[in-house]
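**Q** Please work out how this folds:
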Amino acid sequence: MRLTKAIARITAAAFAAAVTGCAAIETPATSAFQRLPREIRTGVAEMVIERVEPTVSREEVLAAVQAQVHRETLCFPWPGLWLDASNRRNFYYARYDLMARDWGPEVTATSRARMQEFVDLGFLVARERPDIGPGVIEYALTSEGAASLRGSPYGGDRPSFCAPSQRRVVEVTSMEWGQYPCGSLRVRFNHIADDWPTWARTANARTRVATTWAPVGVEAEGAVSLNRQWFRQQTMPGDIAQNGEMRSLCYDASAQRVVGEDLELGLAQP
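**A** Numbers count the residues shown, from 1 in each chain. All right, here's what the predicted structure looks like:
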């Protein structure tokens, strides 16, 4: 285009053809690549957090909030258990016989009831193993349980089943730009559950859902702050789908890492 403009006697028709040709060369992948922050494109940074632009559409904001709500979970921590070591992935052997001997029958009964609730929720399948011991129960993770498990019973973070909210964002009610702990755009919205989450199969789980968020069919208020997050890609520009997504990002500058988010779903019901 610069060379074309340098030619003094170019005709209008030829100029129009040159513009059309340039537009054809600029593919969607190239355009998307050019949206990446300069620090990402030049390889200076692995990740960049940007402020949300004032021209962002309400539809994109609603989609970003829905994605954030989809990632929100309700967690159910495991009780204390006496587990035998297992060389089978996703299988756990609870020694209730040894627990009753050393921890007492009350603690043992409470832990066993808690694990049974996980079975009722569809996270585990239980099977008695008298071949190992008189009070041994084998617990196997279901596919839903494996997807929801956080932490490990063998050390590190305490194991919990964290199940998705499955709530729907009804509408965005306000958008305010500023400087917030986890973003530059503060969004308020209404959300609802059209039905109980598929994993909430017990009365206790449904009570927790209703008291943590809101009962089924009742709209509740929510709030979250958003920024854009970009990552360095080691692939061709066409493979940058999802890059630049708006997310709630609480950034710890001293540690140089994201440490959480500020989504709130438990605000007062309208």
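**Q** Could you find the closest non-adjacent residue to S86?
**A** The shortest distance from S86 to any non-neighbouring residue, by Cβ to Cβ, 6 or more residues apart in numbering, is to Y93 (5.8 Å). For every residue, glycine as well, the C-beta is placed using N, CA and C.
**Q** ok, that neighbour - how many residues close by?
**A** Look at Y93: counted by other Cβ atoms under 10 Å, it has 18 neighbours.
**Q** before we move on, what about C75?
**A** By the criterion of other Cβ under 10 Å, C75 has 12 neighbours.
**Q** try T207
**A** Close neighbours of T207, defined as other Cβ under 10 Å, add up to 12.
**Q** tell me which element it falls in.
**A** According to DSSP states H and E, T207 maps onto helix 203-212.
**Q** Look up how far T202 lies from the residue nearest to S86.
**A** Using Cβ to Cβ, to the nearest Å, we find Y93 at a distance of 24 Å from T202.
**Q** What of V187?
**A** With the distance defined as Cβ to Cβ, V187 ends up 33 Å from T202.
**Q** Report the buried residues of the lengthiest helix in the chain.
**A** The helix that spans the most residues within the chain, counting by DSSP state H, is helix 105-120. The neighbour-count criterion (16 or more other Cβ atoms under 10 Å) identifies 108, 111-112, 115, 117-118 as the buried residues of helix 105-120.
**Q** This structure: helices as residue ranges?
**A** If DSSP H is used as the criterion, the helices of the chain fall at 2-6, 12-25, 28-35, 38-41, 58-71, 96-103, 105-120, 143-148, 203-212.
**Q** weakest of these in terms of mean pLDDT?
**A** The stretch with the lowest mean pLDDT among the helices of the chain is helix 2-6, which comes in at a mean of 36.
**Q** Next, name the residue at the spatial heart of the protein.
**A** The residue at the geometric middle of the chain, judged as the C-alpha nearest the mean C-alpha position with Cα atoms, centre = their mean, is R71 (3.0 Å).
**Q** now the closest residue to it other than its chain neighbours: how far from E106?
**A** Excluding its sequence neighbours, the residue lying closest to R71 (Cβ to Cβ, 6+ apart) is P164, at 7.5 Å. Taken as Cβ to Cβ, the spacing of P164 relative to E106 amounts to 33 Å.
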